[in-house]
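[1] Predicted model, plus sequence, below.
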Amino acid sequence: MVNKTLWVAELEAILLAAELNNAANGAIVVDSTDYDNATDKFQFADFLFFGTFDAATDADASVELHIFYKLDGTNYGDGEDGDLANPQPSGNSLHGIFSIDAQVDGYQQILDVPLSPKAFKAAIKLNTGQDLTAVDTHFLKMYPRNHELQ
């Protein structure tokens, strides 16, 4: 007999790392590989961004989290031609905003993002006033979870 429903945390996934090196202010950086949530079928995820900038970011700096799904199994909903070569992020792909403020480096999180059971690529858009450094320390991590009956 089921007594309660719990959230069960799964293993973290590093979605972006080396791709972020030297990323310019205003750039859109897209994950190079799909995250196959069509197989994993996670319902929710928390996201953690860390970046080190060339200098202190603007006072209202932010980094946007975009998720581009492959709903038809082939093409991404990227606002362009579906191949993410020239993504055009929109309010539809926007799943949260990391508020960085005036920092040289910063950790920031977005919690409770619902996930579709489809393959996707994550992307970030830098609105920081500064470029990320060339140092290989930046990342975007995802911490997925599901419900579990106990």
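    Alright, I've got the coordinates.
[2] what about the helices in this protein?
    Assigned by DSSP state H, the helices in the chain fall at 37-40.
[3] can you list the weak-confidence ranges in it?
    Applying pLDDT under 70 to the chain flags the ranges 1-2.
[4] Strands along that one, start to end?
    Applying DSSP state E to the chain gives strands spanning 5-9, 13-16, 28-30, 35-36, 44-52, 62-69, 94-99, 105-114, 119-127, 139-149.
[5] what angle do the last one and strand 105-114 make?
    Using axes from the mean of the first three to the mean of the last three Cα atoms, to 10 degrees, the interaxial angle of strand 139-149 with respect to strand 105-114 works out to 30 degrees.
[6] next one: the first one
    Relative orientation of strand 5-9 and strand 105-114, computed by the same axes, to 10 degrees: 140 degrees.
[7] Point out the other helices and strands that strand 5-9 packs with.
    If contacts are counted by 3 or more Cβ pairs under 8 Å, 6 or more residues apart in numbering; DSSP states H and E, strand 5-9 sits against strand 139-149. (C-beta placed from N, C-alpha, C; glycine too.)
[8] could you dump the strand it packs on to PDB, C-alpha only?
    C-alpha atoms of strand 139-149 as PDB (Å, rounded to 0.1, in the frame of the first residue of the first chain):
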ATOM      1  CA  PHE A 139      29.000  25.400 -16.000                       C
ATOM      2  CA  LEU A 140      25.300  24.900 -16.300                       C
ATOM      3  CA  LYS A 141      24.200  21.900 -14.300                       C
ATOM      4  CA  MET A 142      20.800  20.300 -14.000                       C
ATOM      5  CA  TYR A 143      19.400  18.300 -11.100                       C
ATOM      6  CA  PRO A 144      16.400  16.300 -12.300                       C
ATOM      7  CA  ARG A 145      13.800  14.600 -10.100                       C
ATOM      8  CA  ASN A 146      10.600  12.600 -10.200                       C
ATOM      9  CA  HIS A 147       7.900  11.600  -7.900                       C
ATOM     10  CA  GLU A 148       8.200   8.200  -6.200                       C
ATOM     11  CA  LEU A 149       5.400   6.300  -4.400                       C
END
